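Engineer: okay, sequence plus prediction incoming.
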Amino acid sequence: MALLKVENVTKRFGGLVAVDNMSFEITHGEMMAIVGPNGAGKTTMFNLINGVFPADEGRMIFEDLDVTTFPAYKRAHLGIGRTFQIPRPFASATVRENIAIGGMFGAAGAEISVDRAMQLADHYIDLIGLREHRDKPAGGLTPTEKKLVEIARALAMKPKLLLMDEAMAGMNPRDIDEMVSFIKEIRDTEGIAIVSMVEHIMRAVAGLAERVIVMHQGALLVDESTQEALSDPRVIEVYLGHPPEETHA
Amino acid sequence: MRPVKEYYPMLPVFLGYGILLGIGIFVPGKWQLISQLAFYCALGQAFNLFMGMTGYVDFGYVAFLGVGTYGMAVSIFYLHDKGLGIGLIAIGLILAAVFSTLLSLAVGAVALRLRGAYFAIATIGVNEGFRFLIEGARIWNGADGIIFSRHLRKAFGREFAMALSTQWADVLVFSVAVLAAALTLIYMRNKVGYALTALREDEDAAKVMGINVTRYKITAFITSAVLAGLLGATAWALKLTYVYPEDVFEIHYTVEAIIIVLLGGAGTLLGPIVGGLIYGISKYYLSIVLPGFQLLIFAPIIIMIIVLFPEGTVGILKKRVFGTPLEKYII
Amino acid sequence: MIFEQLSGNLLQGLVLGSVYGMATMGLSLIFGVLQVVNVGHGAFIMVGSFTSLMMFQALGIPPIFAIPVALAIGMALGMLFYYGAVKPLVSPSGSGIRRLDPKAMGIGAAVFIALMVIVRALSAAFHLHFAITLFVGLIFLYGFLLYIYGGRRQEKAAELATLLVTFSLGVILEEVVKQIFTSEARGFHWDIGKLDLGITVLPYTKLIASFGSLAIAILLYLWFRKTRAGMAMRSVVEDDVGARVCGVNVDWQYALSFSLGIGLTVTSGVLLTMFIPVGINPYMGGPYTLKAFVIAVLGGLASPYGAFFGGLVFGLVENGSYTLFAQFPGLEPFAMTRFFSFVMLLVILLIRPTGLLRVK
């Protein structure tokens, strides 16, 4: 069975169609990216998968369960996790508490006690290498550190599907490489399907995605492997505004 | 339940209230002030449980004190001749808790779906609306209120009724304060508290993390309401032996609660105690030195705190003791 | 007979409602632009009422001419309160603690002491209570600390914070007025005849108040639609970031909107006295704050025009429900009407919090 099936999902805001009849599937453990320029509807799509708001039309099926009407917290319990482009850790809580909260209320949350969640948090703190900041309020961290806390918090939720919103935004190339191998490692060890959201297709190429979905004005443009997408004329047209000339062989 | 050492912060709480009680008993002439202070601390602790931990301001909070007062009043008024003994008081407390639970469920169903300003407006509406319902539909004698001093005397005899109305009522007020503090700490140290912190900081992120925010908001709301009900039943009903709707639904008690929580530090355990003491003592001395000017002096102070010191006294204290062994106790 | 009574009732309700509506426009304007709920709303209405009272009693000037004075007072108060208490919360320019350099501290302390000496001397000369000195001292202290700290932006807490700040400002107004005028209720008598319509009788004062409210509402509408200043303000409501990019000085718009909103509110106090010229006391504002909330929610919290129409609806309903409840001997119609208005509030918040009336 597919991890997530999105079927003919549409979302409107007033007169604007943000997501237009999109359908696609995500398989377990897959590394995928949703790509598209600003305004293509990627964030809306993420919010729909998360349950931040409900779709106007269509269905969403998570591991054969129809979650179309499920609120966000229920979807989190099933195993959908999310990080945000601008990290939103709980500022007055410590790093440890932030990550523990992910554990306490995430997929395994029902069975985990507070103490167990704290232990889990310690494990992830070591993973992201922020041991020395463990008991500091998360609000005082640098943006990169906050990003790591976001990711650790999402991981503590033990998700099956992790939505990563522009995880590379604002990072320098060396940090990006580290982040990419970190993400790959997560996928390999925890078996999570990771869906990244990126604006530019080249970032997806940087090892983040085996498969990409390119969105354009709310609709699905292509759904194919990263390599294919890179040379797909439709994709190039969207980014360059006109069909490609014969550039390279 | 968490290991015992997580509950050490109760020690300063017990210490604080113990000292207060001690001063009241052993220092002559101070009992009235002490019982006022106990009331303010209890009010602060109860209010803090909702406002401090969720960040929502319930402007209609006094309504819970009000219905709690009626709970006790109704019990004493109607059941005084049933020979229930001390059970009469127990029933009064239970009724107070039941009434405030019911009211909080009714309010919560509407108001808790709303955010920020809308929530505040809805709750102001509740407070006023309930008072006018009682007056308008002449419920429980409407605007004429209930006077039950006679009934209390009939039920317990002159002397015991007197004792109930004074010392025992105050002991109960202290108990409510300690209970409120204990519940606050229990919530803080368990999942409830973490959920509330999360939703206070960032409600949308909290939802995405798997927190059923509505459920936790309601939990905090009802708990806070019941504590208020118990407080009304003891500090108001039992002590005064009368209740009038225009007294017990007065919005200025909510304002006092807000001041106390902010002064002390919203969302902290010790904040309300500190806030209650500072506010209570200031108000007491202001009423002696500058009668009639209290509000004039307090209003700019509130603005000062909100704009310049939003984390309150204990909030600032917490930052100072961070990294020292005291940080385990000052929370 | 019943039809006449009903339509008479309706007319009275509309006339009253127009004043209610006008009184709420300021509240909605402030919320629309700044996302701030002015919980001290009633106190500002009270200031307007006192202005009208004073001008009539001390200067013999009829309330109509008090309107521009009230507007001016209101806008001045609005500016003062905005920069003093609201701006640090919604659009602070500092980023936290400033350098506490000794020179600034020294100058500040010197100014503070000098001011306190002057105030003390003045209050001794006028035999004012020590509390007044203390009050003024607190204000100076606050101003000084504000200068040093510059205010901080607190996202979630900002909503709670502005609620409490506006409430406290209202309290300050009430207490200051009380100190000057005492808390006894005052009134005046301005009778210029009535209009007999058969179905009901309307004093000309009420008519003037009603038309005045309507006129102000129309003027406001024109101002927003036709003038540059008005459009600048609207742009901030729509999209403050976008407005900034277009060169609109958003912070000045905030200040202007707040002060205009307060100005409108104070002005409505004058119109109110044309309706009810009695019972003017420092604490009269409370019930009006609550009514204003219901009206604002009725019309959509952010829309001043919605507020006006909401006021009309509210006036009708209030009048009608009073008559209705008066039919039942077991009920107190006055209290029940108030209760009913809150039921209305809660019902609307439940089903359509953005307001029943879609008016932009």
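Structural biologist: On my side now, so go ahead.
Engineer: give me the number of neighbouring residues for the residue of the stretch 201-350 of chain C found nearest chain A.
Structural biologist: In the stretch 201-350 of chain C, the residue that lies nearest chain A is C:Glu238 (13.4 Å; Cβ to the nearest Cβ). Backbone N, C-alpha and C define where each C-beta goes, glycine included. Close neighbours of C:Glu238, defined as other Cβ atoms under 10 Å in any protein chain shown, add up to 10.
Engineer: ok, B:Lys82 next?
Structural biologist: Neighbours of B:Lys82 (other Cβ under 10 Å): 11.
Engineer: and if you look at C:Gly285?
Structural biologist: Residues contacting C:Gly285 under the criterion other Cβ under 10 Å number 26.
Engineer: next: C:Thr323.
Structural biologist: Number of residues near C:Thr323 (other Cβ under 10 Å) recorded here: 16.
Engineer: up against chain C, what does the stretch 201-331 of chain B have?
Structural biologist: Within the stretch 201-331 of chain B, the positions near chain C by Cβ under 8 Å from any Cβ of the partner chain are B:201-202, B:251, B:255, B:258, B:262, B:290, B:293, B:295-304, B:306-308, B:310.
Engineer: give me the subset of those lying in helices.
Structural biologist: Judged by DSSP state H, those include B:201, B:251, B:255, B:258, B:262, B:295-304, B:306-308 as members of helices.
Engineer: element containing the residue nearest the centre of chain A, please.
Structural biologist: In chain A, the residue lying closest to the centroid (Cα atoms, centre = their mean) is A:Leu163, at 1.7 Å. Using DSSP states H and E, A:Leu163 maps to strand A:161-165.
Engineer: can you name the next helix or strand after that strand?
Structural biologist: Remark: after strand A:161-165, the chain's next helix or strand is helix A:173-190, criterion DSSP H and E.
Engineer: by contact count, what packs against the lowest-mean-pLDDT helix or strand in chain C?
Structural biologist: The weakest-scoring helix or strand in chain C, judged by mean pLDDT, DSSP states H and E, is helix C:240-245 (a mean of 72). Applying 3 or more Cβ pairs under 8 Å, 6 or more residues apart in numbering or on different chains; DSSP states H and E, one finds that helix C:240-245 makes contact with helix C:228-238, helix C:250-275.
Engineer: now do the strands in chain B.
Structural biologist: Along chain B, counting by DSSP state E, strands occupy B:146-147, B:242-243.
Engineer: burial count for B:Leu15?
Structural biologist: Per other Cβ under 10 Å, the neighbour tally for B:Leu15 reads 12.
Engineer: what about stretch C:285-303, average pLDDT?
Structural biologist: Mean per-residue pLDDT for stretch C:285-303: 86.
Engineer: so, in contact with chain A or not, that stretch?
Structural biologist: No. For stretch C:285-303, no contact with chain A is found by Cβ under 8 Å from any Cβ; the gap never falls below 15.9 Å.
Engineer: how far is that stretch from where the chain is centred?
Structural biologist: Relative to its parent chain, stretch C:285-303 has a centroid offset of 10 Å by Cα atoms, centre = their mean, to the nearest Å.
Engineer: re the thing from before, out of the helices and strands packed on helix C:240-245, deepest packed?
Structural biologist: Compared across those, helix C:250-275 shows the largest average neighbour count, a mean of 25 (mean count of other Cβ atoms under 10 Å in any protein chain shown).
Engineer: render the CA-only coordinates of the helix or strand just after that helix in CSV, please.
Structural biologist: The element immediately downstream of helix C:250-275 (helix or strand, assigned by DSSP H and E) is helix C:285-299. Coordinates of each C-alpha in helix C:285-299 appear next as CSV, following Å, rounded to 0.1, in the frame of the first residue of the first chain:
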residue,chain,number,x,y,z
GLY,C,285,-18.8,54.0,30.2
GLY,C,286,-19.0,50.4,31.3
PRO,C,287,-22.3,49.4,29.7
TYR,C,288,-21.4,51.1,26.5
THR,C,289,-18.2,49.2,26.2
LEU,C,290,-20.2,46.0,26.3
LYS,C,291,-22.8,47.2,23.9
ALA,C,292,-20.1,48.3,21.5
PHE,C,293,-18.6,44.8,21.5
VAL,C,294,-21.9,43.3,20.6
ILE,C,295,-22.4,45.8,17.8
ALA,C,296,-18.8,45.5,16.6
VAL,C,297,-19.1,41.8,16.4
LEU,C,298,-22.5,42.1,14.7
GLY,C,299,-21.0,44.3,12.0
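Engineer: now for the helix or strand following helix C:285-299, which elements pack on it?
Structural biologist: Where DSSP H and E defines the elements, the next helix or strand beyond helix C:285-299 is helix C:304-326. Secondary-structure packing of helix C:304-326 (3+ Cβ pairs under 8 Å, 6+ apart): helix C:2-34, helix C:204-226, helix C:285-299, helix C:333-351.
Engineer: where does the prediction get shaky in the chain?
Structural biologist: Picking chain A for this. Applying pLDDT under 70 to chain A picks out residues A:109, A:201, A:203-206, A:240-249.
Engineer: please go with chain C instead
Structural biologist: Residue ranges of chain C with pLDDT under 70: C:1-2, C:92-101, C:127, C:149-158, C:240, C:353-360.
Engineer: residue at max distance from the center of it?
Structural biologist: Of all residues in chain C, C:Pro102 has its C-alpha farthest from the mean position, at 41.0 Å, by Cα atoms, centre = their mean.
Engineer: separation between that one and C:Gly108?
Structural biologist: Look at C:Pro102 and C:Gly108: by Cβ to Cβ, to the nearest Å, they are 10 Å apart.
Engineer: same check on B:Val208?
Structural biologist: 46 Å.
Engineer: those two: which is more packed in?
Structural biologist: Just comparing B:Val208 and C:Gly108: by other Cβ under 10 Å the higher neighbour count belongs to B:Val208, 26 against 17.
Engineer: list the contacts for the more buried one?
Structural biologist: B:Val208 makes contact with A:Asn50, A:Gly51, A:Val52, A:Ala72, A:Tyr73, A:Ala76, A:Arg82 under the criterion Cβ atoms under 8 Å, 6 or more residues apart in numbering or on different chains.
Engineer: now for the residue nearest to the centre of chain A: which residues touch it?
Structural biologist: Neighbouring residues of A:Leu163 by Cβ under 8 Å, 6+ apart: A:Phe46, A:Ile49, A:Asn50, A:Ile80, A:Gly81, A:Arg82, A:Thr83, A:Val195, A:Met197.
Engineer: would you list the residues you listed in CSV and tack on distance to A:Met104, secondary structure and neighbour count?
Structural biologist: Formatted as CSV, those follow (distance: Cβ to Cβ, whole Å; DSSP: H, G, I helix; E, B strand; the rest coil; neighbours: other Cβ atoms under 10 Å in any protein chain shown):
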residue, distance to A:Met104, secondary structure, neighbour count
A:Phe46, 23, helix, 19
A:Ile49, 22, helix, 23
A:Asn50, 19, helix, 20
A:Ile80, 17, strand, 31
A:Gly81, 14, strand, 28
A:Arg82, 16, strand, 28
A:Thr83, 18, strand, 24
A:Val195, 24, strand, 27
A:Met197, 26, strand, 22
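Engineer: okay if I get those as a markdown table plus distance to chain C?
Structural biologist: Shown next, in a markdown table, are the contacts of A:Leu163 (distance: Cβ to the nearest Cβ, whole Å):
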| residue | distance to chain C |
| --- | --- |
| A:Phe46 | 22 |
| A:Ile49 | 26 |
| A:Asn50 | 21 |
| A:Ile80 | 25 |
| A:Gly81 | 23 |
| A:Arg82 | 20 |
| A:Thr83 | 19 |
| A:Val195 | 28 |
| A:Met197 | 22 |
